[in-house]
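J.: Curious how this folds, go ahead:
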Amino acid sequence: QLFREARDDPMSCPEPSLIPMTDILALESLSELVALLPDSALRPTILSEIVTLMNKLEGKSGTGTKSLSSSKQGAVLPELREEDLEENHVRGSGPGGQKINKTSNKVILVHMPTGLRVECQDTRSLQQNRKIARKRLRLKLDEYLNGSQSRASIKADKAATKKAKAKARSKARQRKKKQKTEAQVRSDEE
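T.: All right, here's what the predicted structure looks like:
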């Protein structure tokens, strides 16, 4: 019913809190199926429409193929346009037996404008590997385009700062402990 209403009049979508979570999950599943369409010219158009509708249903503003997950750091990952991607599925290798070795479940994504390449064979599922590869490519593209302002760099800077503070606290504790023992030794000598 939600799909029919959205198709008939996209502007009359109900309030996001009134939409059952099953409808949103159904849209996500539909986007996975559309990604497998053989018509590569039609695929990006349908996917962008699905993402736009999902954003509208979840109460997010904006259109396009933005991330459906919220960013904790506040940095926005760059968009991936399907026409900029070259996707290949090849046979996997390594542990996993027949399911890995005889099926084409390894995903290789190449971002044509930048030449960035990502491979993913984390799971035995082609669909999950496609999602993971796209997420990794977005992170890699963010690092390539934004450098020190990328999500990964910000996270690494925070971790380095936290480690430096912990080290300083530890040194201060050691110094205090050493002073305390020296003071005890002096008081024992007197």
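J.: how about the helices of the chain, start to end?
T.: Applying DSSP state H to the chain gives helices spanning 2-8, 21-34, 43-57, 98-101, 126-146, 151-189.
J.: export these to TSV and tack on distance to Cys120?
T.: Heads up, the C-betas are built off the backbone N, CA and C, glycines and all. Shown next, in TSV, are the helices of the chain (distance: least, CB to CB, whole Å):
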stretch	distance to Cys120
helix 2-8	30
helix 21-34	15
helix 43-57	19
helix 98-101	13
helix 126-146	4
helix 151-189	17
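J.: Count the neighbours of Ala160 for me.
T.: When neighbours are counted by other CB atoms under 10 Å, Ala160 registers 10.
J.: Check the gap between it and Ala166 for me.
T.: As judged by CB to CB, to the nearest Å, Ala160 and Ala166 stand 11 Å apart.
J.: same deal with Glu189?
T.: Counting by CB to CB, the gap from Glu189 to Ala166 is 35 Å.
J.: Give me the more crowded residue out of these two.
T.: Legend: neighbour count by other CB under 10 Å for Glu189 and Ala166, higher for Ala166 (10 against 6).
J.: Next one: the more buried one from Arg175, what distance?
T.: From Ala166 over to Arg175 (counting by CB to CB), the distance is 15 Å.
J.: before we move on, what about Leu80?
T.: 51 Å.
J.: Tell me which of these two has more neighbours.
T.: Leu80 (17 against 10).
J.: so who does that one touch?
T.: Thr65, His111, Arg134, Leu137, Arg138, Leu141 (CB atoms under 8 Å, 6 or more residues apart in numbering).
J.: Using CSV, lay out those together with neighbour count.
T.: Formatted as CSV, these follow (neighbours: other CB atoms under 10 Å):
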residue, neighbour count
Thr65, 16
His111, 20
Arg134, 20
Leu137, 23
Arg138, 18
Leu141, 21
